[in-house]
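[1] let's see this in three dimensions:
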Amino acid sequence: MGKSRNVLIVALAVILLAGCAGISRAPVREAMQENHKVPAGTIEGNQFIGMRYPFKVSVALNWKMSTEFPPFLEGFGYGKPDPHDKEQTELYMFNPQTQSSIQIDFTPADRYTVFSQEGIEKLTNLGTESLKGELKQEYGRDIPVEVGRTEPISLKGVQYAAKKDVTYTVKGVKREQGWIYAFSEPYQIFILYMFLDKDGLKDRRDMKTILDSFEMLSRK
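    Here you go, the predicted structure:
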């Protein structure tokens with residue numbers, strides 16, 4: 001596939017289906033389909049409010065938001081979505097000066113999968129080898145990759161979530177690439193991010209502000 005966003009999400013889905021999450025013999029939720037005729041959401045100023053999925057998030061004033069794929073992400077190994085592909089990222093957020101970025105993707109959870117914090121952390125950790133393999137394929141087997149800890153993370157209205165990251169250097173520029181895997185009934189949530197060392201400390205503070213603003217909304 002050659003594209004890190006796709007690799008991470010597909011890897012977690014395969015691990016989940018292989019039985020690394022709890023599986024119930026009886027359905028634990030109603031079957032749900034994504035309705036791509038519904039717009040992803042609306043952007044007003046620095047805030048996004050979801051329509052296809054019930055969540056909201058805000059960014060710092062020096063960041064941008066878009067429901068369309070920013071072309072510069074292809075240079076960092078993220079695949080441009082196929083317009084016919086049902087799996088579409090709901091929101092892209094990025095700092096146009098540093099090109100640090102955050103992506104949010106939702107997908108309906110399987111009817112039979114039972115989630116827990118322990119299971120989410122295991123799945124989040126197991127995505128590491130797939131990304132490391134992709135990086136070695138893209139940049140050579142000798143690329144040094146530092147792997148961070150798997151940590152629980154709190155998001156408003158989200159039942160279970162965990163975070164993982166790796167750090168590596170390409171063409172003299174240090175990158176921190178990470179992912180958050182989460183579950184909020186009945187949705188799986190993938191948050192992918194990348195920081196470049198151009199202004200990494202400030203971008204990390206901005207990310208904390210962005211994640212603190214993330215909230216699942218009640219859908220009546």
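[2] going by C-alpha atoms from here, please, whenever you check contacts or count neighbours.
    Fine.
[3] what about residue 187, neighbour count?
    16 (other CA atoms under 10 Å).
[4] ok, it - contacts?
    106, 107, 108, 109 (CA atoms under 8 Å, 6 or more residues apart in numbering).
[5] most neighbours, which of those?
    residue 109 (22 neighbours).
[6] quick one, grab the pLDDT at it.
    At residue 109, the model reports a pLDDT of 89.
[7] what strand or helix carries the spatially most central residue of the chain?
    When CA atoms, centre = their mean is applied to the chain, the residue found nearest the centroid is residue 191 (2.0 Å). Assigned by DSSP states H and E, residue 191 belongs to strand 187-196.
[8] heading C-terminal from that strand, find the next helix or strand.
    Following strand 187-196 in sequence order, the next helix or strand is helix 200-213 (DSSP H and E).
[9] from the contact counts, what lies against that next one?
    Here helix 200-213 touches strand 55-58, going by 3 or more CA pairs under 8 Å, 6 or more residues apart in numbering; DSSP states H and E.
[10] still on that earlier bit, can you tell me which of the contacts of residue 187 is nearest residue 209?
    residue 106 (20.4 Å; CA to CA).
[11] and the closest one, how far from residue 31?
    Counting by CA to CA, to the nearest Å, the gap from residue 106 to residue 31 is 15 Å.
[12] the protein: helices as residue ranges?
    4-15, 117-126, 128-139, 200-213 (DSSP state H).
[13] tabulate those (a markdown table), appending mean neighbour count and distance to residue 41.
    A markdown table is the format used below for those (neighbours: other CA atoms under 10 Å; distance: least, CA to CA, whole Å):
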| stretch | mean neighbour count | distance to residue 41 |
| --- | --- | --- |
| helix 4-15 | 19 | 21 |
| helix 117-126 | 20 | 27 |
| helix 128-139 | 16 | 29 |
| helix 200-213 | 16 | 16 |
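[14] tell me how far the residue nearest to the centre of the chain lies from residue 106.
    For residue 191, the distance to residue 106 - CA to CA - is 9 Å.
[15] mind saving the C-alpha coords of stretch 46-56 as PDB?
    Extracted in PDB, the C-alpha atoms of stretch 46-56 (Å, rounded to 0.1, in the frame of the first residue of the first chain):
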ATOM      1  CA  ASN A  46     -11.500  27.400  14.300                       C
ATOM      2  CA  GLN A  47     -14.200  24.800  15.300                       C
ATOM      3  CA  PHE A  48     -15.400  21.700  13.400                       C
ATOM      4  CA  ILE A  49     -18.800  20.200  14.200                       C
ATOM      5  CA  GLY A  50     -19.400  16.700  12.800                       C
ATOM      6  CA  MET A  51     -22.600  15.800  10.900                       C
ATOM      7  CA  ARG A  52     -21.700  12.300   9.700                       C
ATOM      8  CA  TYR A  53     -20.400  11.500  13.100                       C
ATOM      9  CA  PRO A  54     -21.300  13.300  16.400                       C
ATOM     10  CA  PHE A  55     -18.100  15.100  17.500                       C
ATOM     11  CA  LYS A  56     -16.600  18.500  17.700                       C
END
